[in-house]
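Q: Predicted model and sequence below, questions to follow.
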Amino acid sequence: MRRPRTSRPARGYSLRRRLITTTLGSSILVGLVSTLIVLAIARNEVNDAYDDWLEEGARLVLALGEGSIGRDAAEPRPIGAQPALRLDYQLVSRSGEVLLRGEDAPKRPFVDPARRGDRYYDVRADGEDWRVYVRHHDTLGFSAQVGQERDDRSDLIWDMLESLAWPLVGLWVLLGLINGILIRRLLKPLQRMTRGIEARSPSDLSPLADDSQAIEVRSITAALNQLLGRLDRALEAERRFTADAAHELRTPLAALASRIQVLQRSHPADQAPALAVQLQRLRADMMRATALVENLLQLARLDPQSADALPRERIAAQALLQDAADACAQAAAKRNAVITTDARESVLYGNRDALYTALRNLIHNAVSYGRDGGQVRVAAQRAGQHIALTVSDDGEGVAPADLERLTQRFFRVLGTNVAGNGLGLSIVARVAQVHGAELRFGPGLNGRGLGVTLLLPLEGATATVRES
């Protein structure tokens, strides 16, 4: 059986880097094409200018040849110095004999004097390519052939290209720097928006500030604000429903608990043992339902809170720990568990009701999931820039695979056979979040059981709200 292919997430890219690359690349491409066009036009213009110089040189050579041939037409000899443009000339008779030639001109005619169709020729002589202009003197019977090596023309084009290359490279570098600076400045509104979103707490769904002049950024901000508004309304409706439902359930649950107690008194265990067992089970289920409703109410009260809105005060650590331990004393007595408190730090800073709720849930979990006759230790001590509230037991502990899921709502470790609803640690995680605290899990007493630590910032320290 073939395994299904797992889709890999698309690799991201930098919009700023891609904009710089695109603009600079297109500019380089356009620059190269423009340079080629300029060079092609320059080449045509240079060829036309050189052809005009060849024609002018041929007239001069004809004028020079009229006097030279008149004196001595039999002896070919060089005449004067080369022109500044390195034009090589020949005076060629009708029979194809070179009467006069320049110093570097070939000894054989550039062009056969019998060819009279064109004035310009592209020929190859002495292993070189030449551009030749031919002008005939019909009266004296000879022709002036003035040639220029093709390499001379190409050298001029290459010299022009070399002269253009470094300025072009410098302009491209300057263009890249300007593009980088401008694109960085133009994308600053997106960076400010990103930092603003990252700095928000998960519970802050207020609209984003729309301080950018860019239409595109404004459209993104407007869309995000609409989404945040819908999400805020949905969460508010969910919280309101949870709080209202939990509140409305308290009265009928309390009435049912009273009726069950009346039934238990009316049917003692010695008279109706089977019914008594069922009534006891019904009462236990009712207690779990009541505890679930209370936890839901606590979550509903904590969810709207944030680090800034939560009222805080200085709290006596020993009194807080002792009150939370006393609240779980009855549950500890049922399991013969011993709860000890150790407040090495005298004062805490935070919301007393929320911290009391968190500690009570932690102690109750330690008693419920610890061993019969076990130990539960509640401590408050200094840990660097924090105060650590720790609740440890010496029970069976929690498997490492389950530690990351302990704070999920309604998650319960299987196989414990302990009644519960899986909301206790979710409440603790929420209390830690609104306090800007960190929730840690580790070994319990003497390396056994589970130890849960709530790291609270010191008074005046900057609290960072995060999900636990």
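A: Yep, it's here. Numbers count the residues shown, from 1 in each chain.
Q: Can you say which helix or strand has Gln441 in it?
A: Check again: residue 441 is Phe, not Gln. Assigned by DSSP states H and E, Phe441 falls within strand 438-443.
Q: average model confidence for that strand?
A: If you average the pLDDT over strand 438-443, you get 86.
Q: just stretch 369-386 next, same as before
A: 88.
Q: again with stretch 227-235
A: 83.
Q: that older thread, and the strand holding Phe441, how far from the chain's centre?
A: Computed by C-alpha atoms, centre = their mean, to the nearest Å, the chain-centroid distance of strand 438-443 equals 31 Å.
Q: partners of the helix or strand just after that strand in the sheet?
A: Per DSSP H and E, the first helix or strand lying C-terminal to strand 438-443 is strand 450-457. Partners of strand 450-457 in the sheet, by DSSP bridges, are strand 386-393 (antiparallel), strand 438-443 (antiparallel).
Q: any chance of those in JSON lines, with distance to Ala222 and mean neighbour count too?
A: Placement of C-beta: from N, CA and C, glycine included. Below are the strands paired with strand 450-457 laid out as JSON lines (distance: least, C-beta to C-beta, whole Å; neighbours: other C-beta atoms under 10 Å):
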{"stretch": "strand 386-393", "distance to Ala222": "41", "mean neighbour count": "24"}
{"stretch": "strand 438-443", "distance to Ala222": "36", "mean neighbour count": "16"}
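Q: For Leu187, find the nearest of these.
A: strand 438-443 (33.9 Å; C-beta to C-beta).
Q: picking up where we left off before, who's in contact with the strand holding Phe441?
A: 386, 397-398, 403, 406-407, 428-429, 432, 449-455, 466, 468 (C-beta atoms under 8 Å, 6 or more residues apart in numbering).
Q: Just the buried ones from these?
A: 386, 397-398, 406-407, 428-429, 432, 449-455, 468 (16 or more other C-beta atoms under 10 Å).
Q: And those residues, which two are furthest apart?
A: Greatest spatial distance among those (C-beta to C-beta): His386 and Gly397, at 24.1 Å.
Q: closest one to Asp151 among the strands paired with strand 450-457?
A: Short answer: strand 438-443, nearest of those by C-beta to C-beta, at 78.7 Å.
Q: Could I get the full set of helices for the stretch 251-400 of the chain?
A: In the stretch 251-400 of the chain, the segments counted as helices under DSSP state H, counting those that start in this stretch are 273-302, 317-327, 329-334, 352-369, 400-403.
Q: Could you tell me what pLDDT the model assigned to Asp340?
A: For the record, residue 340 is Thr, not Asp. 90.
Q: and His136, what does it touch?
A: Counting by C-beta under 8 Å, 6+ apart, His136 has contacts 113, 116, 142-143.
Q: quick one: which of those residues is nearest to Arg371?
A: Taking C-beta to C-beta as the measure, Arg116 is the one of those closest to Arg371, at 121.6 Å.
Q: what about the nearest residue to that closest one once chain neighbours are set aside, which SS state?
A: Excluding its sequence neighbours, the residue lying closest to Arg116 (C-beta to C-beta, 6 or more residues apart in numbering) is His136, at 6.9 Å. Classification of His136 by DSSP: H, G, I helix; E, B strand; the rest coil places it in strand.
Q: returning to that earlier point: right, so the helices of the stretch 251-400 of the chain: which one is the most enclosed?
A: helix 352-369 (a mean of 23; mean count of other C-beta atoms under 10 Å).
Q: angle of it against strand 450-457?
A: Here the directions of helix 352-369 and strand 450-457 differ by 170 degrees (axes from the mean of the first three to the mean of the last three C-alpha atoms, to 10 degrees).
Q: What is helix 352-369 packed up against?
A: The contact analysis (3 or more C-beta pairs under 8 Å, 6 or more residues apart in numbering; DSSP states H and E) places helix 352-369 against strand 313-316, helix 317-327, helix 329-334, strand 375-383, strand 386-393, helix 424-434, strand 450-457.
Q: Extract the CA atoms of it and return them as PDB.
A: Output of helix 352-369 as PDB, limited to C-alpha atoms (Å, rounded to 0.1, in the frame of the first residue of the first chain):
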ATOM      1  CA  ARG A 352      -5.400  37.400  45.100                       C
ATOM      2  CA  ASP A 353      -8.600  35.800  43.900                       C
ATOM      3  CA  ALA A 354      -7.100  34.500  40.700                       C
ATOM      4  CA  LEU A 355      -3.900  33.200  42.500                       C
ATOM      5  CA  TYR A 356      -6.100  31.600  45.100                       C
ATOM      6  CA  THR A 357      -8.100  29.800  42.400                       C
ATOM      7  CA  ALA A 358      -5.000  28.600  40.700                       C
ATOM      8  CA  LEU A 359      -3.400  27.300  43.900                       C
ATOM      9  CA  ARG A 360      -6.600  25.600  45.000                       C
ATOM     10  CA  ASN A 361      -6.800  23.800  41.700                       C
ATOM     11  CA  LEU A 362      -3.200  22.700  41.800                       C
ATOM     12  CA  ILE A 363      -3.500  21.400  45.400                       C
ATOM     13  CA  HIS A 364      -6.700  19.600  44.600                       C
ATOM     14  CA  ASN A 365      -5.100  17.900  41.600                       C
ATOM     15  CA  ALA A 366      -2.100  16.900  43.700                       C
ATOM     16  CA  VAL A 367      -4.300  15.400  46.400                       C
ATOM     17  CA  SER A 368      -6.600  13.700  43.800                       C
ATOM     18  CA  TYR A 369      -3.900  12.200  41.600                       C
END
